[in-house]
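Asks: sequence-free structure coming up:
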């Protein structure tokens, strides 16, 4: 499969065709590892190292005034760190 290297801001980018992205379960924002290997570049899907914080994440932690505040810190720890109860 052949694709073009294109300019993206001050960097270079390679487009991954849809069929290849589907085959490796890649989507926008997926982490990819790059490794040089004897004149070749190896692209490898990587597991994300940490969860990124998004603009509207605060809404997950908002507790309406009418609702009883129970086990709030435990839920926040569970969301942020994946801790189980």
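Replies: Now that the structure is in, tell me what you want to look at. Only a predicted model underlies this, so the values are computations on that prediction, with no experimental measurement involved.
Asks: tell me the mean pLDDT over stretch 17-27?
Replies: Per-region confidence: stretch 17-27 scores 90 on mean pLDDT.
Asks: could you tell me the end-to-end distance of that stretch?
Replies: Length of stretch 17-27, first residue to last, Cα to Cα, to the nearest Å: 11 Å.
Asks: make 50 the starting number, not 1.
Replies: Got it, the first residue is 50 from now on, which makes the last one we talked about stretch 66-76.
Asks: list the buried ones in that stretch?
Replies: Of the residues in stretch 66-76, those with enough neighbours to count as buried (16 or more other Cβ atoms under 10 Å) are residue 75. Placement of C-beta: from N, CA and C, glycine included.
Asks: list the contacts of that stretch.
Replies: Defining contact as Cβ atoms under 8 Å, 6 or more residues apart in numbering, one finds that stretch 66-76 is touched by 50, 52, 65, 81, 94.
Asks: any quick PyMOL command for the buried ones out of those?
Replies: To isolate the buried subset of those in PyMOL, counting by 16+ other Cβ under 10 Å, use the following:
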select buried, resi 65
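Asks: pipe the contacts of stretch 66-76 into TSV and attach distance to residue 73 per row.
Replies: Conversion of these to TSV gives the following (distance: Cβ to Cβ, whole Å):
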residue	distance to residue 73
50	13
52	15
65	8
81	9
94	5
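Asks: adding distance to residue 58 and secondary structure, write the contacts of stretch 66-76 out as CSV.
Replies: Formatted as CSV, the entries for those read as follows, by distance: Cβ to Cβ, whole Å; DSSP: H, G, I helix; E, B strand; the rest coil:
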residue, distance to residue 58, secondary structure
50, 25, coil
52, 19, coil
65, 18, coil
81, 17, strand
94, 23, strand
